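Enquirer: Sequence first, then the predicted structure:
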Amino acid sequence: MTWDWAFAFEIFPRILQGVGVTIGATFSAFAISLTLGLVLTLLRRSSFKPLSLTIAGIIEFIRVTPPLVQLFFVYFAFDMGPFLTGAIVLGVHYSTYVSEVYRSGINSVPKSQWEASRALNFSPVQTWRKVVLPQAIPPIIPMLGNYLIILFKETPLLMGIYVTEMMMIARSIGAETYRFLEPITIVGFIFLVLSYPCALFIRYLERKSGQIPGSAEKGVKA
Amino acid sequence: MTELAENLEPAREVIVRYNNVKKAFGNNIVLNDLNLDVYKGEKVALIGPSGSGKTTIIRMLMTLEQPSSGTIEIDGEQLWHKEVNGQLKDADEKHLRKVRGKIGMVFQQYNLFPHMSIMRNCTEAPIHVLGLPKDEAKERALQMLQKVGLSDKVDMYPSQLSGGQQQRVAIARSLVMQPKVMLFDEVTAALDPELVGEVLEVIKDIASEGETTMMLITHEMDFARDVADRVLFLDNGLIAEHGTPYDVIENPQSDRLKSFLGRFNSAH
């Protein structure tokens, strides 16, 4: 099969139309994973053992089943439409990874910071909001950013439940014209063009998070 | 301890009372049946070898460590317990917060908040815990920072200050909360020797103002002698000797205390 430039230029705009859905699904899913991930982390730290164990079990369960299977299951079990299903399932799946990242960030805050908060009589909520999270999150921003890129690259899975993102469009073009090489290559190219600046931006954040006064010595050295 | 109280000034008011307090970590007993009264405005120095239980005494008061048994009273109120129908029940977070507000603590490692400016380190708790208006909190913080000689550093961050300066900020941060009892946990132990003096001077200044009750753990014997009204020598989880600085530091009775103090004298 030879490469056909004319065909490639012809279908490019059509595939580009799927970018919005791909990016929309990525950010919706990421927003869900950031929020739910934090909730999972906090619940898992609960001193009430049955709760923390249940949460740990749920996290483990979500993590060891394939996202594609989860997509199909939720798609057929609940009638939410493809996009919403996709955003929720990927968001929940990634929240389990993100929660691990939060956990590492929170554990990196020294115990002495908790003690100082107690000595100043902060409430538990104030301690989290003012002392722990502001120190836990900046160092993990690059790690969260990496998960954003990984999540972005996973969105072609949504094709399985008929979300009209780029991969879905590319495959329909292939089915119509029997030419797969160009549409698939174009999808790959668009992913590259979008991911690379993101990766650069994350590197920039990584440098910047090291510059926050006081966090310099604790910056992520990974 | 009670006979000691009568020997001193019987009219003085007790602010902190430990009643048969025990603390064990697993099988390791760190404090054995502690009975101690601290009086309003009194400065009590706690000395003793590491592992003697002195840190545990003040950490329990700051609610960083829960006693295994016994009770602690602050200003007539139970700290770790709540009286419900005449019976003592374990205190909940709400009760702990209420009583804890009377205590302040300065730590060995300063424990400033690295992500906040010096000013915010000193105003965050007054604003959000005491509910002071921002202006008032700032004014109070500035006053305290002046007292510790650092009012020109308000916009800096802890990592930009020396250890001695950080510790002085930590003292100011604690003072802004106007605690009735201030705890000092070996506050100069982590400092370079040339920075110890400035921190001790600040504490002496505050002590000389008189009102605040202080419990100080220190290895600086000269400082203990200067500041303290009473010195407690802790050994193996017990108060082995106590009395005025003169009694304890100049005129030790037991061999344990003599050899403990000997370590400091030989260093001079």
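Expert: Right, received. Where do you want to start?
Enquirer: Which positions in the longest helix seen in chain A come out as buried?
Expert: Taking DSSP state H as the criterion, chain A has its longest helix at helix A:181-209. Within helix A:181-209, the residues that count as buried by 16 or more other Cβ atoms under 10 Å in any protein chain shown are A:182-184, A:186-187, A:190-191, A:194, A:202, A:206, A:209. Backbone N, C-alpha and C define where each C-beta goes, glycine included.
Enquirer: And the average pLDDT for the helix or strand containing residue A:42 is what?
Expert: Using DSSP states H and E, residue A:42 falls within helix A:19-44. The average pLDDT for helix A:19-44 rounds to 95.
Enquirer: returning to that earlier point: relative to the whole chain's centre, how far out is the longest helix of chain A?
Expert: Taking the mean C-alpha point of helix A:181-209 and that of its whole chain, the gap between them comes to 14 Å (Cα atoms, centre = their mean, to the nearest Å).
Enquirer: do the same with stretch B:93-109
Expert: On Cα atoms, centre = their mean, the centre of stretch B:93-109 falls 11 Å from the chain's centre.
Enquirer: about what we covered before: could you check the angle helix A:19-44 makes with the longest helix of chain A?
Expert: Interaxial angle of helix A:181-209 relative to helix A:19-44 (axes from the mean of the first three to the mean of the last three Cα atoms, to 10 degrees): 50 degrees.
Enquirer: returning to that earlier point: now render the buried residues of helix A:181-209 as TSV, adding distance to residue B:226 and pLDDT.
Expert: Converted to TSV, the buried residues of helix A:181-209 look like this (distance: Cβ to Cβ, whole Å; pLDDT from 0 to 100):
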residue	distance to residue B:226	pLDDT
A:182	86	93
A:183	83	94
A:184	81	94
A:186	80	95
A:187	77	94
A:190	74	94
A:191	71	94
A:194	68	92
A:202	55	86
A:206	50	78
A:209	45	66
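Enquirer: residue ranges for the helices of the stretch 1-150 of chain B, please.
Expert: Along the stretch 1-150 of chain B, the stretches classed as helices by DSSP state H, counting those that start in this stretch are B:2-7, B:54-61, B:93-100, B:118-128, B:134-147.
Enquirer: I'd like to know which of the ones you listed lies nearest to residue A:72.
Expert: helix B:93-100 (45.1 Å; Cβ to Cβ).
Enquirer: ranges for the helices of chain A?
Expert: Using DSSP H, helices in chain A cover A:5-16, A:19-44, A:49-64, A:67-77, A:82-107, A:111-119, A:124-126, A:133-136, A:141-154, A:166-177, A:181-209.
Enquirer: tell me the most buried of those?
Expert: Each of those was scored by mean neighbour count; the highest is helix A:82-107, a mean of 21, by mean count of other Cβ atoms under 10 Å in any protein chain shown.
Enquirer: Quick one: list the elements packing against that helix.
Expert: Applying 3 or more Cβ pairs under 8 Å, 6 or more residues apart in numbering or on different chains; DSSP states H and E, we find helix A:82-107 packed against helix A:19-44, helix A:49-64, helix A:67-77, helix A:133-136, helix A:141-154.
Enquirer: Could you say which one of those comes nearest to residue A:99?
Expert: helix A:19-44 (4.1 Å).
Enquirer: tell me how far that closest one is from the chain's mean position?
Expert: For helix A:19-44, the distance to the chain centre is 6 Å (Cα atoms, centre = their mean).
Enquirer: Kindly report the same for stretch A:86-99.
Expert: Going by Cα atoms, centre = their mean, where stretch A:86-99 is centred and where its chain is centred differ by 7 Å.
Enquirer: Also stretch A:69-83?
Expert: With Cα atoms, centre = their mean, you get 19 Å for stretch A:69-83.
Enquirer: same deal with stretch B:33-41?
Expert: In terms of Cα atoms, centre = their mean, the centre of stretch B:33-41 is set 13 Å apart from its chain centre.
Enquirer: Please tabulate the buried residues of helix A:181-209 in JSON lines, including the columns distance to chain B.
Expert: As requested, the buried residues of helix A:181-209 are exported to JSON lines (distance: Cβ to the nearest Cβ, whole Å):
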{"residue": "A:182", "distance to chain B": "51"}
{"residue": "A:183", "distance to chain B": "48"}
{"residue": "A:184", "distance to chain B": "46"}
{"residue": "A:186", "distance to chain B": "45"}
{"residue": "A:187", "distance to chain B": "42"}
{"residue": "A:190", "distance to chain B": "39"}
{"residue": "A:191", "distance to chain B": "36"}
{"residue": "A:194", "distance to chain B": "32"}
{"residue": "A:202", "distance to chain B": "21"}
{"residue": "A:206", "distance to chain B": "17"}
{"residue": "A:209", "distance to chain B": "11"}
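Enquirer: got the contact list for residue A:52?
Expert: A:43-46 (Cβ atoms under 8 Å, 6 or more residues apart in numbering or on different chains).
Enquirer: Nearest spatial neighbour of residue B:125, chain-adjacent residues omitted?
Expert: Nearest residue to residue B:125, sequence neighbours excluded (Cβ to Cβ, 6 or more residues apart in numbering or on different chains): residue A:120, at 3.8 Å.
Enquirer: How confident is the prediction for that neighbour, by pLDDT?
Expert: 96.
Enquirer: Phi and psi next, for it.
Expert: The phi/psi pair for residue A:120 (degrees, to the nearest 10) reads phi -90, psi 0.
Enquirer: pretty sure it is touching residue B:123, no?
Expert: No: using Cβ atoms under 8 Å, residue A:120 is not in contact with residue B:123; the gap is 10.9 Å.
Enquirer: More neighbours: which of the two?
Expert: Under the criterion of other Cβ atoms under 10 Å in any protein chain shown, the comparison of residue A:120 against residue B:123 puts residue A:120 first, with 30 against 24.
Enquirer: if I look at that one, how far off is residue A:19?
Expert: Distance of residue A:120 to residue A:19, computed by Cβ to Cβ, to the nearest Å: 49 Å.
Enquirer: Pull the contacting residues for the nearest residue to residue B:104 once chain neighbours are set aside.
Expert: Spatially, and ignoring its direct neighbours in sequence, residue B:104 is nearest to residue B:179 (3.3 Å; Cβ to Cβ, 6+ apart). The contact partners of residue B:179, by Cβ under 8 Å, 6+ apart, come to B:101-104, B:212.
Enquirer: Give me the buried positions along stretch B:131-146.
Expert: B:132, B:137-138, B:140-142, B:144-145.
Enquirer: Check the residue of the stretch 101-250 of chain B found nearest chain A and give its pLDDT.
Expert: Here the stretch 101-250 of chain B gets closest to chain A at one residue, residue B:114, 3.0 Å apart by Cβ to the nearest Cβ. Residue B:114 carries a pLDDT score of 95 in this model.
Enquirer: What of residue B:7?
Expert: Note for residue B:7: predicted pLDDT of 57.
Enquirer: before we move on, what about the one 4 residues further on?
Expert: In the prediction, the pLDDT value recorded for residue B:11 is 64.
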